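**Student:** Below: sequence and its predicted model.
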Amino acid sequence: KQNREAKFFCVGDDWQSIFRFAGSDLGLFRNFESHFGYTKLAKIETTYRFNEPMIGVSGGFVMKNPNQIRKKLKAPEGTEEVTHTVVEAMGEDETEAVSRIFAGMAKADASPSHEVMLIGRYNSDFDRIKNTQGRLTVNADSKKVTYEIAQGKHRGKKYVANFVTAHRAKGLQADVVIVLNCNAGSFPSERADDPLLTLLLSRADAFEHGEERRLFYVAMTRAKKKTYFVTNTNRKSSFIKEMESKGHSSPRRRACPQCTTGEIVERPVSTNDSPFFGCTNYPYCKYTTKRPARTLA
């Protein structure tokens, strides 16, 4: 009011508004003009950080919330594709699943210079990975995981991954990203907001798990080459189920012929790099086979 010539030039991304607990209100994006007067909106829709198919997967995911501003991202020609895979873990321990991811990278001749980032919803998600007597080493102090192959066809390969929470991952990048604990009750979080927040902030984002959806979007768009989502088959996050229902995940799996309620998934890679497949109901069902876990049925 003191200076009628004053103008704001504001840059922001409502898709990555993830600090509601600190006062970040989606209404400031949606209702900017009502707060600050006449506004001209220009959308920045070119991203240099990642490409299809992740652009389509992540964009469709975050825009399921009708309160998000509609945008259609695109990447410059020649930008490398960014893909994703859902990896099943057995129980709460994700050591085997993470080891399998690194083993797959070694088999695919991924460069040891690849930056790898582990992302969790909470700091405690890092504890889901344990030291092994073989290739995987966990440093709890520095929040780092090292995978090193000392013998065999891929000996000498070494990968180092740094852990951050999804909130701290905002603004960061890595060649490969592994999102841990994509399970029901964890991501999206089922912890209720402090009631005081509801009194202080607007109702501009009343969509179920709106903030958690944006946080998952941040996690799924950190990779320059590939994102892995680690989940327990029997406790899959609603976000993972949603991606699968849209056809953005692995093909349908084969039912376990022994217990009939489990599914056949790839199990730990043995020392001779020969994988086998077992039931997701292990240890209750101990069925194993050499037959591929995925079918196109």
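**Tutor:** The structure has been received and is ready for your questions.

**Student:** Next up, the contacts around N181.
**Tutor:** Counting by Cβ atoms under 8 Å, 6 or more residues apart in numbering, N181 touches 94, 120-122, 125, 128, 187, 230-231. From N, CA and C alone the C-beta is placed, and that goes for glycine too.

**Student:** Where does it sit: helix, strand or coil?
**Tutor:** coil (DSSP: H, G, I helix; E, B strand; the rest coil).

**Student:** now swap in H154 and tell me
**Tutor:** Going by three-state DSSP: H154 is coil.

**Student:** Give me the three-state assignment for the closest residue to it other than its chain neighbours.
**Tutor:** Sequence neighbours aside, A106 is the residue nearest to H154 in space, at 4.3 Å (criterion: Cβ to Cβ, 6 or more residues apart in numbering). When classified by three-state DSSP, A106 comes out as helix.

**Student:** Next up, the contacts around A106.
**Tutor:** 149, 154, 157, 159.

**Student:** hmm, 10 Å instead?
**Tutor:** 112, 135, 147-149, 152-159, 269, 273 (Cβ atoms under 10 Å, 6 or more residues apart in numbering).

**Student:** now do E52
**Tutor:** 59, 73-75, 79, 81-83.

**Student:** Got phi/psi on it?
**Tutor:** Dihedral pair for E52: phi -70, psi 160, per degrees, to the nearest 10.

**Student:** now it: how far from V177?
**Tutor:** Going from E52 to V177 by Cβ to Cβ, to the nearest Å gives 17 Å.

**Student:** about what we covered before: can you tell me which of the contacts of N181 is closest to N65?
**Tutor:** Nearest to N65 out of those is F187 (Cβ to Cβ; 15.9 Å).

**Student:** Tell me how many other residues crowd that closest one.
**Tutor:** For F187, the neighbour count with other Cβ atoms under 10 Å is 28.

**Student:** Settle this for me: it is touching K241, isn't it.
**Tutor:** No. With contact defined as Cβ atoms under 10 Å, F187 and K241 do not form a contacting pair (12.0 Å).

**Student:** just to revisit the earlier point, give me the buried subset of the contacts of N181.
**Tutor:** Among the contacts of N181, those scoring as buried are 94, 120-122, 125, 128, 187, 230-231 (criterion: 16 or more other Cβ atoms under 10 Å).

**Student:** hmm, back to that, overlap in contacts, F187 and K241.
**Tutor:** Here F187 and K241 have T231 as joint contacts, going by Cβ under 10 Å, 6+ apart.

**Student:** And R4, which helix or strand is it part of?
**Tutor:** For R4, there is no enclosing helix or strand under DSSP states H and E.

**Student:** Can you tell me which of the contacts of E52 are classed as buried?
**Tutor:** Of the contacts of E52, these count as buried by 16+ other Cβ under 10 Å: 59, 73, 75, 79, 82.

**Student:** May I have the phi/psi pair for the third one?
**Tutor:** Recorded main-chain torsions at A75 are phi -120, psi 150, according to degrees, to the nearest 10.

**Student:** Next, the contact list for it, please.
**Tutor:** Each residue near A75 by Cβ under 10 Å, 6+ apart is listed here: 46-52, 54-55, 81-82.

**Student:** Please apply the same query to the second one.
**Tutor:** Residues near L73 by Cβ under 10 Å, 6+ apart: 15, 43-47, 49-52, 54-56, 58-59, 221.
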